[in-house]
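S.K.: here is the input, now give the coordinates:
(chains A and B)
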2 protein chains.
Amino acid sequence: MLYSKLFGKTIKSVPKGEETISYKLLYQGGFIRKSTAGRYYFLPLGWRVHRKIEAVIREEMNESGAMEMLSPLLHPIELWQETNRIQSVSFELMRIKDRQGVEFALGGTAEEMFVDLVRKMNLSYKDLPFNVYQFSTKFRDELRPRGGLLRVREFVMKDAYSFARNSEDFQKQYQKMKEVYKKIFTRFDLETLVVEADSGYIGGEDGHEFVVSCPIGEDTIFVCDQCDYRADSEKAEFKRFPKNPQEKIKPLKIVKQPEWVCTMKDNIKYYRKPLWRYLKNVVYKDDKGRIIIASIRGDQDVNETKLKKVIGAGSLAPARDKDLEKIGSRPGWVHSWGHKGVVYVGDLGLKMVKNFIGGQKEKTTDTIDVNYGRDFKYKLLADIVNAQEGDFCPRCQQGKLRKKQAVELGHIFQLGFHYTKLMKGADFVDKDGGKKPFYMGCYGVGLGRTMATIVEIHHDKKGIVWPKEVTPFNVHLVNLRETSQRAKEIYQRLVNDGFEVLYDDRVNVSAGEKFADADLIGIPVRLVISKRTGDTIEWKYRQSKRAELLQYNEVVKKLKAKS
Amino acid sequence: MLYSKLFGKTIKSVPKGEETISYKLLYQGGFIRKSTAGRYYFLPLGWRVHRKIEAVIREEMNESGAMEMLSPLLHPIELWQETNRIQSVSFELMRIKDRQGVEFALGGTAEEMFVDLVRKMNLSYKDLPFNVYQFSTKFRDELRPRGGLLRVREFVMKDAYSFARNSEDFQKQYQKMKEVYKKIFTRFDLETLVVEADSGYIGGEDGHEFVVSCPIGEDTIFVCDQCDYRADSEKAEFKRFPKNPQEKIKPLKIVKQPEWVCTMKDNIKYYRKPLWRYLKNVVYKDDKGRIIIASIRGDQDVNETKLKKVIGAGSLAPARDKDLEKIGSRPGWVHSWGHKGVVYVGDLGLKMVKNFIGGQKEKTTDTIDVNYGRDFKYKLLADIVNAQEGDFCPRCQQGKLRKKQAVELGHIFQLGFHYTKLMKGADFVDKDGGKKPFYMGCYGVGLGRTMATIVEIHHDKKGIVWPKEVTPFNVHLVNLRETSQRAKEIYQRLVNDGFEVLYDDRVNVSAGEKFADADLIGIPVRLVISKRTGDTIEWKYRQSKRAELLQYNEVVKKLKAKS
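M.R.: Sure thing, here's the model as predicted:
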C-alpha cells in the first residue's frame, strides 16, 4: 500500500472531549473516526487491525472445533418476550417496528436467536455437543459511551453459543473455551486475568471475565494477594471474621438521643465508635413493587447485584420518601426490624459484630447493644455487600483482596438450562428417546474494545507499538531518497515475497515527519531507504533505538522469523 | 470437518411457501434457515459459501486498489435529511430512536455516511482519486421478501464509494469497477449481462446493472438481438418509427359516440381499429400535489421512472376520483388537452401516428382524426413509456428488443455531484487552492443474492453443483467401509496437505443416502473409500457420471490442478 494513496492519514490535532490514550492515538494515526457518540468508522488502517483480530479469534475458535455461522441482526421481539429479557436488559435494548408493525430488537446479544434456530432443527444426542459462533454487529444503547472504542453503542462481537447434552459435557466445552480465550489474548500480547463474574442480564449460572488490568478500565476487580482468587466487584466474595470477639454481649438498651443525630456521620460524632459498630439500613423498591430493607454494617455498601439475586428481583431502585411513608417511616428513621409489609434482607456481616448501635425509628431515642439473633433475625441472611480493599480472600482465607481497575475483553457464561427452560421446545431427543433441554454456554469477545486495549497497553510517547499478530502491515518502508526507484523496487519485491508493506512514498515530506508518522502508526518493523543505505536497507524495530543495515535477503529472513 | 459433527445437516422436507429452487436446495442441503420473512440464518455450511463469495470480491476489490473499511450501521437521520432521501427511499427505510431521542436510519445504503466521513478529512487533490468499500449488513424494509435469499430484508452487501477530482478521473474508476465486476462474476461461473439502468433512489446519473438471465429473476431487461444494447426495463429506450406514414392527415371531427363506449376495450369494439390509433391519458398525483396527465398511445404503458424524471417528481400515485373532480373530469373522460391546473406530458410516440381517435371529455361525443402538433401540443414531450418486446433498438435502430427476466446482482452508479452538492462541505482543495466538490461513484453487490443465483444457475435434479471458487469444501470424502481407519487417515492427510474436506464419517447410514447427501450439498469432487477401492481412492466429479480409482498422490495432484 502506498501511503500517498491511503485514505486516512496521520493528523496532528487531538480529538475533542475524549480522555483515553487509545482513542487519541487511533485518531491521530488514522485508524478510526467518530460518526456520532459511541459509533465509529474504521478507516482502512484500523480495519486491517480489526480484521487481524478477527482472524486470530477465528483461527482459535475453529481449532477448538467451533463452527462459524451468522444470525440476523434484527431479532423478533417475541423471542425476547419468551425469556423476559426485555425487562432485565431494560433501556440498553433498542427496538424497532417494520412498516407492517412487526417489532424487532436490535441484537445486543443473541442467545434467543440461537436457541430459536436450534429448537427448529430436531436434534438428537448424536448431534451434541456443538459450539457455533459468529462475528456480527451488536447494538447497545449505552447511556454514556466513552473512551473511544472502550465503551461504544455499536461494535463487532464474536459471540459463541454451545449446546450440550448435560452439565458434564458442557463443562468440557467451557474449560476448552477458557483455554481458547487465554490463547487468543496471549496472541494479542495481552496479559489477562480470569475473574469470576456475575452473569448480569445474560442470565444463567455465573461465569468468568477475561480482563486486562489497566487504570482506564471501567471494571473493578478484586485479586487475592496470596492465592489465585480473582473476581469482578459485582461478584467478589470475601471471608468475614468476628470484629469484636472478645466483647461480652450486653443487654439491649433504649437510650435518649439528641435530635441532631440523624446520619451515619452524626452517629460517629456522637458515639465516637468506628463505622462497623452501627447498623445501616438501605431501602429499595424492586420491579415487582416490593419494598426491600437491606440491613448491613455501617462500614459496608450494598451490592445490588448480589441483593437482586437473593430476593429474585429484576431491578432495584432507591426507595423514595413516599415509599418510606407507606411503611410508616422517613429518611434516617428506618429500623432494622419492625416495619410491616417489607422484605428484610440482612448481610452475613451482621453476625460478626456484638453490641451494634442503631436501629432508631424516631427522633429522640436510639437502641444500643443490639445483637443479631437475639434482638432481630431475618429469613434472608446472605452476602449482599461489596468486597473491599483489604478484605480477606474467600478462597484461601488468609490473603487479602486487592482492588484493581480493569478492562473486560471477554466473558464466558455458564447458561445452564436458563434459556432452554424458558423457551418452549428447546430440547433434543436423548438416547432413551426422551426429550431433554440443552445445557448451554455462551462466549463473547468485543473486537473494537480489544483493539483499544491493545493500544492502551502497547504504546509509548511517540505512538502505538502493535503486536505482530495485529499490526496493520508487517513492514513500514520509508523512502528518503530524492528518487524512489530503489524504494519502489524493494517495495515490489517485499510484496511479491508475500509481505504486507506500507510504503511511505511521499515526496516533499521531511525524514523527521516520515519517522514520526511511522512511530505513531506503530508497525513493528521500519525499513528505510536513504542516501546512506547504499545497496543495503536500514532495519529498525519500532520499540528499539538501534537500527542496522541489512541486505534484502537478511530482511526477508528476519521478517519470516518474525511473522 | 466431520459430517457427524456438522451443525445443519441435510433434510428431506421441503420449506413451506417458497417457490425457488435455490431456497429449496439451500434449505435441504443445510445451508440456510429462515428466522422471519426476509431474514435468514446462514448455517456453518452456508456461511462457508458466503465467506468464499466475500473473499473473491475482496480479492478483486483490493487488486483494483480499493481500500476496505467499515462504517456504522446506524446512520444519523440528519444526514438523510441533508440529501432529502428519506422521502425518495420512503417506506423501505427503517428508522429508530435511541433512549435519548436521537434518531437514526438503519443503513440500507451508505452514501451519506461516506460523504460525511470524507468531508471531515480535509482532503486535497493529492489524496484523489480513491475508492473505499465495506462488507456490511444492510436493511431494507421490503414489502414482499421472496425467493429465499433472492429478495430479503437484511443482507450483507459489498458497497464501495469512489471519490474523484473530476468526471474524467471518475470515468477511469468506473470503467475499472466494471472490469472488476465482470471478473468477480466470472469467478462465480455466472454469465452476467451489463445493462443500462436507472439510478432510482440512489440518485445521480444513471449506471449499470450486472444481471444474470434467469426465469425466476424479478428484473425485466431488454436485449437487442443484433447489437450489444442492454437495458433494464425502467431505463430501456427504443426507436420509434411512424405507424401510418402513408395515411393523409384528415381534418379533426367531433362525432357522436354511443354511451356505452368508455374504456379502451369499448373503443376497440366500436371503432375496430388497432390499439395504437387511440390516445390514452393516464392521470397521476405527485409528491408535490401536482396533477399530471401522461398522454400516450393506446398500445403503450407509462414508465413511471421515466415520467418522474421528466417532471422532477419524487414519487407518483394514481390520481383518485376526487383528484379528477378537481380538474373537472371523471374516470374515462380525461382529455388530452384542455384540463386546467394540470401538467401535461406527452410521449414521443404521439408524433408517430396520424389521425388519432380519442380525447373524449364527455359522454356522448368523441373527437377523431386528432393530430399532435395541429390539434394539441405539449411543453413536455419525452420518452415516458415502457419499451416492449419487438420494439426497435435505440442504438443500432435495426435490431429488435427481446424481453428477459433476470436477477440483479451488482449495480454501479455514476453519482456525479449528486451527494457532494447536497451535503455541505463535501469538497477538496484543488491545485489552485479553490474548493471543489468530489465527483462520486458507488458500486454494490449483494452477497446472499449472489449465492442464491449461483444455485439457480448451477444445480441439477439431485442438488447443487458449486463452482470451485465458492464450494464450502474442496472435497466431500465418503467412507463406506465398516471401519473408518483408512478413511480417517485419508481425511487427515488431505487436511494436512491444505485441503478443506467434508468427511462423511457417519455409521449406520447407507451408501445411497451418503451419495444422495453429497449430491445435494454439491461439493465439486467426491472421494469414496469402500471395500472396492483397496489402497486407491474413488474420485468423481459432482457433475460427472464416471468415477475413477486413483492413488493418493494423484488425488492431490488433481485437486491442486483444480483449486
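S.K.: quick one: contacts for residue A:293?
M.R.: When contacts are counted by CB atoms under 8 Å, 6 or more residues apart in numbering or on different chains, residue A:293 touches A:281, A:282, A:283, A:334, A:336, A:339, A:342, A:343, A:344, A:345. In short, each C-beta sits where N, CA and C put it, glycine included.
S.K.: does residue A:305 touch residue A:206 like I think?
M.R.: No. Taking contacts as CB atoms under 8 Å, residue A:305 lies outside contact range of residue A:206: 10.5 Å.
S.K.: between these two, what contacts are shared?
M.R.: A shared contact of residue A:305 and residue A:206, defined by CB under 8 Å, 6+ apart, is any residue touching both; here these are A:198, A:235.
S.K.: by residue count, what's the longest strand in chain A?
M.R.: In terms of residue count, the longest strand belonging to chain A (DSSP state E) is strand A:401-416.
S.K.: distance check, residue A:12 against residue B:173.
M.R.: Taking CB to CB, to the nearest Å as the criterion, residue A:12 is separated from residue B:173 by 30 Å.
S.K.: likewise residue A:96?
M.R.: Taking CB to CB as the measure, residue A:96 falls 35 Å from residue B:173.
S.K.: and those two? which has more neighbours close in?
M.R.: Residue environment comparison for residue A:96 versus residue B:173 gives the larger neighbour count to residue B:173, 24 against 19, counting by other CB atoms under 10 Å in any protein chain shown.
S.K.: domain ranges for chain A, per the record?
M.R.: Using automatic domain parsing, the domains assigned to chain A come out as A:3-236+A:403-455, A:253-382, A:473-562.
S.K.: deepest of these, which one?
M.R.: By mean neighbour count, with neighbours taken as mean count of other CB atoms under 10 Å in any protein chain shown, domain A:3-236+A:403-455 ranks first of these at a mean of 20.
S.K.: quick one: average confidence on that one?
M.R.: pLDDT averaged over domain A:3-236+A:403-455 equals 94, rounded to a whole number.
S.K.: again, but for stretch A:552-563
M.R.: For stretch A:552-563, mean pLDDT rounds to 88.
S.K.: same question for stretch A:481-489.
M.R.: Averaging the model's pLDDT scores along stretch A:481-489 yields 92.
S.K.: which strands and helices lie in contact with whichever strand or helix holds residue A:88?
M.R.: Using DSSP states H and E, residue A:88 falls within helix A:85-89. Other helices and strands packing on helix A:85-89, by 3 or more CB pairs under 8 Å, 6 or more residues apart in numbering or on different chains; DSSP states H and E, are helix A:77-82.
S.K.: for the one residue sitting closest to the centre of chain A, list each beta-bridge partner.
M.R.: Central residue of chain A (CA atoms, centre = their mean): residue A:408, 2.8 Å from the mean position. Under DSSP bridges, the beta-bridge partners of residue A:408 are residue A:211.
S.K.: hang on, isn't it packed against residue A:210?
M.R.: Yes. The pair residue A:408 and residue A:210 qualifies as a contact (CB under 8 Å) at a distance of 7.4 Å.
S.K.: one step back: quick one: least confident of the contacts of residue A:293?
M.R.: residue A:334 (84).
S.K.: run through the residues that contact the nearest residue to residue A:429 once chain neighbours are set aside.
M.R.: When the adjacent residues along the chain are set aside, residue A:429 lies closest to residue A:124, with 4.4 Å between them (CB to CB, 6 or more residues apart in numbering or on different chains). By CB under 8 Å, 6+ apart, the contact list for residue A:124 reads A:428, A:429, A:430.
S.K.: one more: residue A:23?
M.R.: For residue A:23, the set of contacting residues under the criterion of CB under 8 Å, 6+ apart consists of A:15, A:32, A:147, A:148, A:149, A:150, A:452.
S.K.: out of those, which are inside strands?
M.R.: Going by DSSP E, the strands hold residue A:32 from the contacts of residue A:23.
S.K.: quick one, helices of chain A?
M.R.: Applying DSSP state H to chain A gives helices spanning A:21-28, A:44-63, A:77-82, A:85-89, A:111-119, A:167-187, A:264-271, A:304-311, A:321-326, A:418-422, A:447-457, A:485-496, A:511-521, A:552-562.
S.K.: dump these into JSON lines; add distance to residue B:179 as well.
M.R.: Rendered in JSON lines, the data for these read as follows (distance: least, CB to CB, whole Å):
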{"stretch": "helix A:21-28", "distance to residue B:179": "35"}
{"stretch": "helix A:44-63", "distance to residue B:179": "22"}
{"stretch": "helix A:77-82", "distance to residue B:179": "45"}
{"stretch": "helix A:85-89", "distance to residue B:179": "48"}
{"stretch": "helix A:111-119", "distance to residue B:179": "39"}
{"stretch": "helix A:167-187", "distance to residue B:179": "38"}
{"stretch": "helix A:264-271", "distance to residue B:179": "76"}
{"stretch": "helix A:304-311", "distance to residue B:179": "58"}
{"stretch": "helix A:321-326", "distance to residue B:179": "71"}
{"stretch": "helix A:418-422", "distance to residue B:179": "49"}
{"stretch": "helix A:447-457", "distance to residue B:179": "33"}
{"stretch": "helix A:485-496", "distance to residue B:179": "21"}
{"stretch": "helix A:511-521", "distance to residue B:179": "32"}
{"stretch": "helix A:552-562", "distance to residue B:179": "33"}
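S.K.: can you count the residues close to residue A:245?
M.R.: Taking other CB under 10 Å as the criterion, the count of residues near residue A:245 is 9.
S.K.: quick check: closest non-adjacent residue to it.
M.R.: Excluding its sequence neighbours, the residue lying closest to residue A:245 (CB to CB, 6+ apart) is residue A:354, at 7.9 Å.
S.K.: ok, residue A:520 touching residue A:463?
M.R.: Yes. Between residue A:520 and residue A:463 there is a contact under CB under 8 Å: 3.5 Å.
S.K.: so which residue of the stretch 151-300 of chain A comes closest to chain B?
M.R.: Among the residues of the stretch 151-300 of chain A, residue A:154 lies nearest to chain B; the distance is 5.4 Å by CB to the nearest CB.
S.K.: how near is that residue to residue A:444?
M.R.: From residue A:154 over to residue A:444 the distance is 15 Å, taken as CB to CB.
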